[in-house]
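Enquirer: fold the stuff below for me.
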Amino acid sequence: MVSVIVPVYQSAPYIDACVQSVLEQTLQDFELILVDDGSEDNTAEICQRWQASDSRIRFLAQGHKGVSAARNAGIREAKGEYLFFLDSDDAIHPELLEALRGWAKECRAAMAGCSYSYVQSASFQKPLEATVYQGRMKDRTYMDAHEALDCFIHGREEGILFSIGGKLLRKDMAGPVRFDESLQNGEDTKYIYQLLLGGVDVGILHKPWYFCRQREESASHRRTPKMYESTYRAERYICDEEWRNGRKSNAKVREYCIIRQMINRYMESRQKQDQGFIDCLRNQAEAEPSLEIWGQLSLGARAEFYLAFHSAVLYKAFCYFWEMVSEHRSRIREWKKHL
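Expert: Numbers count the residues shown, from 1 in each chain. You can find the predicted model right below:
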């Protein structure tokens, strides 16, 4: 059996489409666990109606503790051999659960996931009809834990491994790993990393059968210093663990991603004159050079970081110069191709 875990919070406008997509699955051996995280709208009432309509649906309620606590509550209550994670404003293709479980069993992978389709909220009424699968030469991939970790670190496979939505996971392989309830953002990235670190292998189905609703008010679009700090702590954990485990090249990749995000967000905050973000990022920037991994970054990366936070004028000049160098190198490569 598959336990579908859906954390819900203020989800009244979206939860019907989500639940309906689960009930339409070709795989019927599932339970649907709806965990309300202290909603103040009529989300709980809607969930209770769904529970009364189908014996496979269970409704749990808790105080407002965050999405990680809601998912953890769902894991504790799950009775299935597999866990499947779905967000309350998203939906899935009717064949997804059956396809993922079949592929996971065939390749004996502990975790299986699919590609994503991003659908604007206004067009979300019939996402399954609107989406046409074009396919690819190889529509399934298997990776052992080592390959999956390398894929995760370098952001390959379209970033599929960064998000927990649409992931099927053997419950026994999750072991004691749980979502970090102190994080408001980046918690699923950290969770997947910990699973991979624990030896979980992965099967990927290259079909865009997980439908992500694009809406401005969703958690992924709420950019606040608190949300950014949460993402930073998740990324910092991953980088530090890779360094501690002797995978220094991986740690360098993640560290560069961290400082790149800091620079981009800082430049954006300066343009918007968002003092809260500016202060938050400056505080983090002051601490970054004291880390042991800092000395392993290239001189160019460190120079770019220093200029960004100490001289916007010189930083812009640096970026212009680097763009010219990159363009010149590209022209040389093209010229050599025609020799």
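Enquirer: what's Leu97 sitting at in phi/psi?
Expert: Main-chain torsions, Leu97, degrees, to the nearest 10: phi -60, psi -40.
Enquirer: do you know how far it is from Tyr210?
Expert: Computed with C-beta to C-beta, to the nearest Å, the distance linking Leu97 and Tyr210 is 11 Å. C-beta coordinates here come from the backbone N, C-alpha and C atoms, glycine included.
Enquirer: the two: who's more crowded?
Expert: Tyr210 (27 against 24; other C-beta atoms under 10 Å).
Enquirer: spit out the contact partners of that one.
Expert: Remark: with contacts taken as C-beta atoms under 8 Å, 6 or more residues apart in numbering, Tyr210 is in contact with Asp90, Ile92, His93, Leu96, Gly113, Cys114, Ser115, Tyr116, Ser117, Gly165, Gly166.
Enquirer: if you set the cut-off to 6 Å instead, what comes out?
Expert: Contacts were defined as C-beta atoms under 6 Å, 6 or more residues apart in numbering; by that measure Tyr210 touches Ile92, Cys114, Tyr116, Gly165, Gly166.
Enquirer: switch these over to TSV; also include pLDDT.
Expert: Written out in TSV, the entries for the contacts of Tyr210 read as follows (pLDDT from 0 to 100):
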residue	pLDDT
Ile92	95
Cys114	95
Tyr116	92
Gly165	95
Gly166	96
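Enquirer: okay, now the unreliable bits of the stretch 151-300 of the chain?
Expert: For the stretch 151-300 of the chain, applying pLDDT under 70 flags the ranges 158, 216-222.
Enquirer: sorry, back to before: which of the contacts of Tyr210 count as buried?
Expert: Members of these that pass the buried threshold by neighbour count (16 or more other C-beta atoms under 10 Å) are listed as Ile92, Cys114, Tyr116, Gly165, Gly166.
Enquirer: for Glu229, state which of those is nearest.
Expert: Using C-beta to C-beta, the shortest approach to Glu229 within the buried ones among the contacts of Tyr210 belongs to Gly165, at 22.5 Å.
Enquirer: so that closest one: helix, strand or coil?
Expert: coil (DSSP: H, G, I helix; E, B strand; the rest coil).
Enquirer: same question for Tyr142.
Expert: Here Tyr142 is recorded as strand under three-state DSSP.
Enquirer: may I see the buried residues of stretch 2-19?
Expert: Going by neighbour count (16+ other C-beta under 10 Å), the buried part of stretch 2-19 is 2-12, 14-15, 17-19.
Enquirer: what are the buried residues along the helix or strand Leu281 falls within?
Expert: Secondary structure assigned from DSSP states H and E places Leu281 in helix 275-287. Taking 16+ other C-beta under 10 Å as the neighbour-count basis, helix 275-287 is seen to contain the buried residues Phe277, Ile278, Cys280, Leu281, Gln284, Ala285.
Enquirer: picking that back up, okay if I get the contacts of Tyr210 as JSON lines plus distance to Glu81?
Expert: Rendered in JSON lines, the data for those read as follows (distance: C-beta to C-beta, whole Å):
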{"residue": "Ile92", "distance to Glu81": "19"}
{"residue": "Cys114", "distance to Glu81": "19"}
{"residue": "Tyr116", "distance to Glu81": "25"}
{"residue": "Gly165", "distance to Glu81": "20"}
{"residue": "Gly166", "distance to Glu81": "18"}
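Enquirer: for those, work out which two are farthest apart.
Expert: Set against one another by C-beta to C-beta, the contacts of Tyr210 have their most distant pair in Ile92 and Tyr116, with a gap of 10.7 Å.
Enquirer: what about stretch 30-45, distance to the chain center?
Expert: 22 Å (C-alpha atoms, centre = their mean, to the nearest Å).
Enquirer: partners of the longest strand belonging to the chain, with directions?
Expert: Counting by DSSP state E, the longest strand found in the chain is strand 202-214. Take DSSP bridges as the rule and strand 202-214 pairs in its sheet with strand 91-92 (antiparallel), strand 111-120 (parallel), strand 140-143 (antiparallel).
Enquirer: list the buried residues of the second one.
Expert: Neighbour counts using 16+ other C-beta under 10 Å place Met111, Ala112, Gly113, Cys114, Ser115, Tyr116, Ser117, Val119 of strand 111-120 among the buried residues.
Enquirer: residue contacts, the first one?
Expert: To tie it back to what came earlier, the one meant is Met111. Counting by C-beta under 6 Å, 6+ apart, Met111 touches Lys167, Leu169, Val200, Val202.
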